[in-house]
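[1] A structural model of the following input is requested.
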Amino acid sequence: MDWDSINRGATLSVPDRLSVDLERLILEGELAPGEKLPAERELAQHLGVSRVSIREALRELENRGLIDRKPGRGTIVLRPGERATIADDLLDTVAALRPEIHDIMELRAIVEPPIARLTASRATQRDLAQLRELVESMEKDVTKERYAELDRAFHQSIAQYTHNPLLALINEQIAQQIAPSRASRYQTKERREASSVAHRRIFEAIAEGDGDLAESEARAHVLDIAQQIALAGREKGAKQS
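    Here you go, the predicted structure:
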């Protein structure tokens, strides 16, 4: 791992900048699931920062469910959504219902827009820096699989940045049900480009602290995706008939 790729900017505190950069490395696959991070002392010496800053940055990533820290084992990178949660029984119940894509999109339309509104009033500079990096990463030429991962991270980050742990937990759980709407068969180049534009608009509304606009943009985005998926389903049905 080239730890020199971490760039601590002046606009954020050292722990915040470190957590943003480490999260970027995880989301971009530079730090793979299951990989063990260097010890706090080693990271602090290599990056020229205090162990306190490293500890605070890692605590933020742990709260985000991106790493797992245990005494004697060290710090391990997790897959998105890998962290065990208290809602497993609820997830099992929902999974047994075998919800259709339109059910999932209806759920998104109800849950995500109000969350975006709330985040617009609560996001910190650290939060905005992370959202900006996610948006910029999605605007690059990435694979369908990477785009789906960044897409999930973007929407989960918005929920996380309400700073309401219950909303973040709920959104993390339903993300598993949302996953089919991000399946590769729906990830056309046109959809990814349209989604990137929509993500940019949502981010800018949140960054401006405009809750009305953030909610409106989030709702428009989900409804647009629902329409594209419905259209793809009709076209597939027509070909099979």
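[2] what about the strands in this structure?
    67-70, 74-77 (DSSP state E).
[3] Reformat those strands as TSV; add mean neighbour count, distance to residue 165 and mean pLDDT.
    Backbone N, C-alpha and C define where each C-beta goes, glycine included. Shown next, in TSV, are these (neighbours: other CB atoms under 10 Å; distance: least, CB to CB, whole Å; pLDDT from 0 to 100):
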stretch	mean neighbour count	distance to residue 165	mean pLDDT
strand 67-70	16	17	88
strand 74-77	17	21	90
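[4] Quick one: closest of the ones you listed to residue 128.
    Residue 128 sits nearest to strand 67-70 of all the strands of the chain, at 21.6 Å, using CB to CB.
[5] how far is that closest one from where the chain is centred?
    Centroid separation for strand 67-70 versus its chain: 19 Å, with CA atoms, centre = their mean, to the nearest Å.
[6] what's it packed up against?
    Where contact means 3 or more CB pairs under 8 Å, 6 or more residues apart in numbering; DSSP states H and E, strand 67-70 is packed against helix 51-63, strand 74-77.
[7] And residue 116, how far from residue 67?
    Relative to residue 67, residue 116 is positioned 26 Å away (CB to CB, to the nearest Å).
[8] counting residues per helix, which one in the protein is longest?
    Using DSSP state H to define each element, the chain has its longest helix at helix 211-240.
[9] how close does the residue nearest to residue 56 when sequence neighbours are not counted get to residue 22?
    Excluding the flanking residues, the one nearest residue 56 by CB to CB, 6 or more residues apart in numbering is residue 15, at 3.7 Å. Residue 15 sits 10 Å away from residue 22 when distances are taken as CB to CB.
[10] do residue 173 as well
    24 Å.
[11] who has more neighbours, the two?
    Neighbour totals were compared for residue 173 and residue 22, and residue 22 leads with 24 against 17 (other CB atoms under 10 Å).
[12] In this structure the more buried one contacts residue 57, no?
    Yes - at 6.3 Å, residue 22 counts as touching residue 57 under the criterion of CB atoms under 8 Å.
[13] What count of nearby residues applies to residue 45?
    The burial count for residue 45: 13, using other CB under 10 Å.
[14] Do you know the pLDDT at it?
    On the pLDDT scale, residue 45 is placed at 91.
[15] got it, and residue 198?
    With respect to pLDDT, residue 198 scores 97.
[16] what sits against residue 128?
    With contact taken as CB atoms under 8 Å, 6 or more residues apart in numbering, residue 128 is in contact with 203, 206-207.
[17] What's the local residue count around the closest residue to residue 171 other than its chain neighbours?
    Of all residues not flanking residue 171 in the chain, residue 159 sits nearest, at 3.5 Å (CB to CB, 6+ apart). When neighbours are defined as other CB under 10 Å, residue 159 has 22 of them.
[18] circling back to that earlier point, from the contacts of residue 128, pick the one nearest residue 167.
    Residue 167 has its nearest neighbour among the contacts of residue 128 in residue 206, at 14.6 Å by CB to CB.
[19] can you tell me how far the residue most central in space within the chain sits from residue 42?
    By CA atoms, centre = their mean, the chain has its centre lying nearest to residue 153, at 1.3 Å. Applying CB to CB, the value for residue 153 to residue 42 is 27 Å.
[20] Let's see which of the contacts of residue 128 end up in helices.
    Per DSSP H, the contacts of residue 128 map to helices at 203, 206-207.
[21] Now, of these, which are buried?
    203, 206-207 (16 or more other CB atoms under 10 Å).
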